[in-house]
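[1] Based on what follows, work out the 3D shape:
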Amino acid sequence: MCGIAGWISYNRNLENSRNVIATMTHTLANRGPDADGLWIDGHAGLGHRRLAVIDIAGGVQPMVAREEGQTLACLVYTGEVYNFVELRAELQSLGHHFDTRSDTEVVLRGYLQWGEKIAERLNGMFAFAVWDPRLEELFLVRDRLGVKPLFYYPTSDGVLFGSEPKAILAHPAVRPRVDINGFREMLVWVRNPERTVYSGMSEVRPGQVVRITRAGLTKRSYWTLNALEHPDDQRRTIDTVRNLLHDIIERYVVSDVPLCSLLSGGLDSSTVTALAQRAVAGRLGEPLRSFSVDFVSHGEGFRRDDFHKSSDTPYVRDFVAHTGGNHQEIVLDSGALADPDQERAVLRASDFPSCMSGDMFSSLYRLFQAIRAQSTVALSGEAADELFGGYTWFFDSNAIERAAFPWLTTASHMFLGDAVLNPQLRAQLNIPQFLNESYMAALDEVPQLEQDSPFERRMRELSYLNLTRFLPLLLDRKDRMSMAVGLEVRVPFCDHRLVEYVFNIPWHLKTFDGREKSILRAAARQLLPSSILERQKSPYPATQDPRYEQAVRLEVAEFMSDHSHPAASLFDRQTIETLMAQPLQANSSLGTRNGLERVRWIAKWVKEYGVVFDL
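    Sure, this is the predicted structure:
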């Protein structure tokens, strides 16, 4: 895993701008702590920060292909391609010679053979840029599910790009400007493809190729979800999912550096960990390391709420007792989650405030920080709920029937949205209308089968919305917090072969036993203890320690006392004072804390980044 950045300018020689490109690249140092590199040639400047995982000695970037003294192409690449062995063999049969064992060189040679259509041949999580000096063209490519990020900013004579917005913001011609639509994007629990918080900046859509030439910029989708008839019965469906998962995990455990698994005691992460344990034991003859997270104050004091149904720790221990392995519980001090230095690191990693609770970022950052001290690559169970139907809103009649994003109908108490903003700004933002427009645009994309019943059509819509508008929020959080400490997190449930197959399983078959994730549970039944197989979905844990909310309140109080703060005019002081007057919450999921965290994060961001609003 790595970080990439670059600048294409058709009207200047970028040899004179080496310092600018180096500065852009340096902002991504946490994503690639092992090495850095620049390549500048005329109109193109590409930068790379490397986290060495495969072929540590050979995968140096930027990687250049030359022939008879001529530069054919230059590549900067981040991610992992899991079918690179097969692709290399195919390319060798076509006459290509390889100097390294890296998947990077496979992507570069694949571009020389197939051009931008190399994207369709790759199986993995990736984002890369290829500059072709023969054509004076740049290609920006992102993986199908958007596991790895890639942003770009068109200029008057080219483009700037980077793995994170901070790389683009480091260019002297770019200011952190936010218009009304960018502000809306920041407030809602929806990821609208291609849009970003910052004016003029876009994100390469998952499954998209962006092509930049002297004539301008064009975009092409090389992959999207399609509606296909599902030919398999229940037994064959379960067997197919099981076989796909075995093959996926065998590919995902390939690493030249220490590998581990993230274990929550839920069905998803437990399935990944159990399969990975078998694959690693068979390959390396040693147990797989796994890690879980809890808070000092929880233990027996965990309190169930509408969102968090159960503590992870008892189930994690059941898993370890059942399967063995080398497991470590990472126990976090909730009071330290609001540490100012850590908050700044989290904000800098994120580049803008999230709609999610801040402790879910801070605790994930701390967890990954602890894991990185012992491992470089981790496997995650992310995306199984979106794919197999694991969330409560898949089974809530209100969520199914309402013309709205389903997660906003069943957990609305979690999301205060714009409630803490001043009334004039709230009216201008008109978040309900924005969400409705976003919902209708997403709905227009959903593929359908004519023979589907109205109910099956609706459940396919919900699956599509979750995979394309909700999952990206979670993938982005995991990528930012993991890469902030130089940890690569792989997401087996995002393998596009599994996604394509499971997306087309009819809903009645996905829930054949009347429960969520029926197919996955059946596929993993021989691997896991009964407690995990029967456990109800519980999301990533949030701290229930009132010390954390107290720390948040102290920061908000400090902000409220500074009438000259650049963000002061954004908020409704009366609403904030009302929230501050509420008693400390026993349960972390309630809205008061989330509303105060919204104030805290926006205020910090505005001041730290020098944000300019065009509202």
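
[2] Other residues contacting the helix or strand bottoming out on mean pLDDT in the chain?
    Across the helices and strands of the chain, mean pLDDT, DSSP states H and E gives its lowest value to helix 407-410, namely a mean of 86. With C-beta atoms under 8 Å, 6 or more residues apart in numbering as the contact definition, helix 407-410 has outside contacts at 189-190, 391-393, 396, 398-399, 402, 415, 435, 466, 470. Every C-beta, even on glycine, is put in place using the N, C-alpha and C of the backbone.

[3] Narrow these to just the buried residues.
    Buried residues within the contacts of helix 407-410, counting neighbours by 16 or more other C-beta atoms under 10 Å: 189, 190, 391, 392, 393, 399, 415, 435, 466, 470.

[4] Over to the fifth one: give its phi and psi.
    The reference is to residue 393. phi -70, psi -10 (degrees, to the nearest 10).

[5] Kindly report the same for the fourth one.
    Here the main-chain torsion angles of residue 392 (degrees, to the nearest 10) amount to phi -60, psi -30.

[6] Surely it touches residue 539?
    No - Residue 392 sits out of contact with residue 539 when judged by C-beta atoms under 8 Å, with a separation of 10.2 Å.

[7] ok so, going back, the contacts of helix 407-410: which two are farthest apart?
    Greatest spatial distance among the contacts of helix 407-410 (C-beta to C-beta): 392 and 435, at 19.6 Å.

[8] just how off-centre is stretch 460-475 within its chain?
    Distance of stretch 460-475 from the chain centroid (C-alpha atoms, centre = their mean, to the nearest Å) equals 12 Å.

[9] Can you say which helix or strand has the residue nearest in space to the middle of the chain in it?
    Nearest to the geometric centre of the chain sits residue 475, at 1.9 Å (C-alpha atoms, centre = their mean). Assessed by DSSP states H and E, residue 475 sits inside helix 471-483.

[10] Ramachandran angles for residue 49?
    phi -120, psi 130.

[11] Skipping adjacent residues, who's closest to residue 226 in space?
    Sequence neighbours aside, residue 447 is the residue nearest to residue 226 in space, at 5.4 Å (criterion: C-beta to C-beta, 6 or more residues apart in numbering).

[12] per-residue pLDDT, that neighbour?
    If you check residue 447, the pLDDT there is 98.

[13] again with residue 295
    So, for residue 295, pLDDT stands at 82.

[14] Please apply the same query to residue 248.
    In this prediction residue 248 is given a pLDDT of 97.

[15] Now it: which helix or strand?
    Using DSSP H and E, residue 248 sits within helix 234-252.

[16] quick check, distance from that helix to the centre of its chain.
    Centroid separation for helix 234-252 versus its chain: 23 Å, with C-alpha atoms, centre = their mean.

[17] returning to that earlier point: the residue nearest to the centre of the chain and residue 491 touch, don't they?
    Yes - contact between residue 475 and residue 491 holds when scored by C-beta under 8 Å: they sit 7.1 Å apart.

[18] Give the residues shared as contacts by the two.
    What both residue 475 and residue 491 touch, as defined by C-beta under 8 Å, 6+ apart, is the set 145, 147, 382, 383.

[19] who touches the residue lying closest to the third one once chain neighbours are set aside in this structure?
    What it means is residue 382. Leaving out its chain neighbours, the residue that sits closest to residue 382 by C-beta to C-beta, 6+ apart is residue 491, at 5.0 Å. Neighbour list for residue 491: 125, 145, 147, 380, 382, 383, 475, 478 [criterion: C-beta under 8 Å, 6+ apart].

[20] Could you report the distance from the residue lying closest to the last one once chain neighbours are set aside to residue 481?
    Counting by C-beta to C-beta, 6+ apart, the nearest residue to residue 478 once its immediate chain neighbours are dropped is residue 489, at 5.5 Å. For residue 489, the distance to residue 481 equals 9 Å [C-beta to C-beta, to the nearest Å].

[21] Check the contact lists of these two and give me the overlap.
    Both residue 489 and residue 481 are contacted by residue 368, under the criterion C-beta under 8 Å, 6+ apart.

[22] With neighbour numbers in mind, choose between these two.
    The neighbour comparison of residue 489 against residue 481 (other C-beta atoms under 10 Å) goes to residue 481, with 25 against 21.

[23] close enough to count as contact, that one and residue 363?
    No - the pair residue 481 / residue 363 is not scored as a contact, 9.2 Å apart, by C-beta under 8 Å.

[24] Can you list phi and psi of residue 219 for me?
    Main-chain torsions, residue 219, degrees, to the nearest 10: phi -130, psi 150.

[25] before we move on, what about residue 488?
    The phi and psi values for residue 488, taken as degrees, to the nearest 10, are phi -90, psi 120.

[26] Touching, it and residue 478? I think so.
    No - between residue 488 and residue 478 there is no contact under C-beta under 8 Å: 10.9 Å.
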